[in-house]
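S.K.: After the sequence you'll find the predicted model.
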Amino acid sequence: MKKNILYLGVGLAVVFAAACTRVRKSNEGQEAVPEFVLTYAENQAEDYPTTQGAYKFKELVYERTGGKIEIQVNTSGILGDERTVIEQLQFGGVDFARVSLSPLAEFVPKLNILQMPYLYTNREHMWKVLDGPIGDDFMNSFGDSSLVPLSWYDAGARSFYNSSRPIESLKDMEGMKIRVQESALAMDTIEALGAVPVPMTYGDVYSAIQTGKINGAENNWPSYESTGHHEVARYFTRDEHTRVPEIQLVSRSTWDKLPAEYRQIIGQCARESALYERDLWADREQLSEERTRKAGCVVTELPLKEKTRFREAVAPLYKKYCSDYEDIIKAIADTGKEHSQ
Ligand code: GCU
């Protein structure tokens, strides 16, 4: 009998504790019920700087809206390749994304200006441009289009890598099948350098190198390392032929649904997350270089004389892509001069 009473007592205590937990959980739930649950697309892996930037953005927005906006970050391209994500953003199928300007310029051609080969002398030059009036003008030039720009993200400089041989001169580029982003400018750049451009999505590059469909690709250090491309393409040439900035975007249809107060918070959090990403970027670039060198990759520094040849080979592209924007190209160059003074 005593035993039964004991069991009954324990049973009641368990039921009571469970009920309390439920009440607490549902109270917590009520307090934190978000008004908006929004999706964010990112095609890099979890520990990549841009992904970490996305998580920072999510955290800041949640905090500052008192939990009223929850952003669900989808990494590693699970919401689709960049082109598909841009299309989805245009009608609100995806709410937020961080994308490379390269595929975006197929939708907003003026953005090609900001990623012309050899446009910036270095990282500081690019940031002086993007953080200054030129960058602001580009942000404003989206007007009331279906994409609303939020902030610039860093993606360093892009260089060539391949599975066949070190690239030490323009001659070595001849006939190389090089994967490019899905962008006319990227294709023209590779062609001007004497190689054969093969456009394909980022996620397909590893197996394309592995199976010999292409000889190589071009990207920044963190992408070269985090995707494992360095395992199948061990020759890396630091030629830094272009810097392709990245951008955080929100779909216009999502934006228009949000109260002004939330829009203001989102804009501010996006800019703060971008500064956070910029800091992470610099460290990750160094780490990725170290990791790939340790893994046995052969790194070639393109001699200055050759770099000049590369630059001359792509110079005609400025006529094709920028003849209506000579003033902006000059302003970008002048910003570089101011910077080096
Ligand atoms: C970089 C960039 C990606 C892009 C990729 C590519 O890694 O961060 O957003 O998809 O280049 O070459 O496609």
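M.R.: Ah, there it is.

S.K.: which residues touch the residue nearest to Leu150 when sequence neighbours are not counted?
M.R.: Counting by C-beta to C-beta, 6 or more residues apart in numbering, Leu150 lies nearest to Ala270, which is 3.6 Å off, once chain neighbours are set aside. Just so you know, the C-beta spots here come from the backbone N, C-alpha and C atoms, and that holds for glycine as well. Ala270 is in contact with Phe57, Leu150, Ser151, Gln248, counting by C-beta atoms under 8 Å, 6 or more residues apart in numbering.

S.K.: and those residues, which of them are in helices?
M.R.: Those of the contacts of Ala270 mapping onto helices are Phe57, per DSSP state H.

S.K.: Within reach of the ligand, which of the contacts of Ala270 are there?
M.R.: Checked against the ligand using C-beta under 6 Å from any ligand atom, those give no members in range.

S.K.: possible to save the contacts of Ala270 as CSV with pLDDT and distance to Asp256?
M.R.: Below are the contacts of Ala270 laid out as CSV (pLDDT from 0 to 100; distance: C-beta to C-beta, whole Å):
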residue, pLDDT, distance to Asp256
Phe57, 99, 20
Leu150, 98, 15
Ser151, 98, 19
Gln248, 98, 18
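
S.K.: okay if I get the contacts of Ala270 as a markdown table plus neighbour count?
M.R.: Formatted as a markdown table, the contacts of Ala270 follow (neighbours: other C-beta atoms under 10 Å):
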| residue | neighbour count |
| --- | --- |
| Phe57 | 27 |
| Leu150 | 22 |
| Ser151 | 25 |
| Gln248 | 27 |
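
S.K.: now, which of the contacts of Ala270 sits nearest the ligand?
M.R.: Looking at those and their distance to the ligand, the nearest is Gln248, at 11.7 Å (C-beta to the nearest ligand atom).

S.K.: Now for the closest residue to the closest one other than its chain neighbours: which residues touch it?
M.R.: Distance criterion C-beta to C-beta, 6+ apart; nearest residue to Gln248, sequence neighbours excluded, is Leu150 at 4.2 Å. When contacts are counted by C-beta under 8 Å, 6+ apart, Leu150 is found next to Phe96, Ile247, Gln248, Leu249, Val250, Ile266, Gly267, Ala270, Arg271.

S.K.: Select only the buried ones of these in ChimeraX?
M.R.: To isolate the buried ones among those in ChimeraX, judged by 16 or more other C-beta atoms under 10 Å, type:
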select :96,247,248,249,250,266,267,270
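
S.K.: List the contacts of Ala41.
M.R.: Shown in contact with Ala41 (C-beta under 8 Å, 6+ apart): Asn74, Gly77, Leu79, Gly80, Val85, Gln88, Leu89, Val94, Phe96, Ala97, Arg98.

S.K.: scratch that, Gly80 is what I was asking about
M.R.: Contacts for Gly80 (C-beta under 8 Å, 6+ apart) come out as Ala41, Gln88.

S.K.: Kindly tell me how buried the spatially closest residue to His125 that is not a sequence neighbour is, as a neighbour count.
M.R.: Take His125 and drop its neighbours on the chain: the residue closest to it by C-beta to C-beta, 6+ apart is Gly336, 4.4 Å away. Residue neighbour count, defined by other C-beta atoms under 10 Å, stands at 18 for Gly336.

S.K.: thinking Gly336 is in contact with Met126, fair?
M.R.: No: checked against C-beta atoms under 8 Å, the pair Gly336 and Met126 is beyond contact range at 9.1 Å.

S.K.: Mutual contacts of these two, please.
M.R.: Tyr120.

S.K.: For the ligand, what is the nearest residue in the stretch 1-150 of the chain?
M.R.: Ser100 (3.9 Å).

S.K.: Quick check on that residue: phi, psi?
M.R.: With angles defined as degrees, to the nearest 10, Ser100 sits at phi -80, psi 150.

S.K.: Which positions in the chain make contact with the ligand?
M.R.: Asn43, Glu82, Val99, Ser100, Ala155, Gln181, Tyr202, Asn219, Ser223, Glu246.
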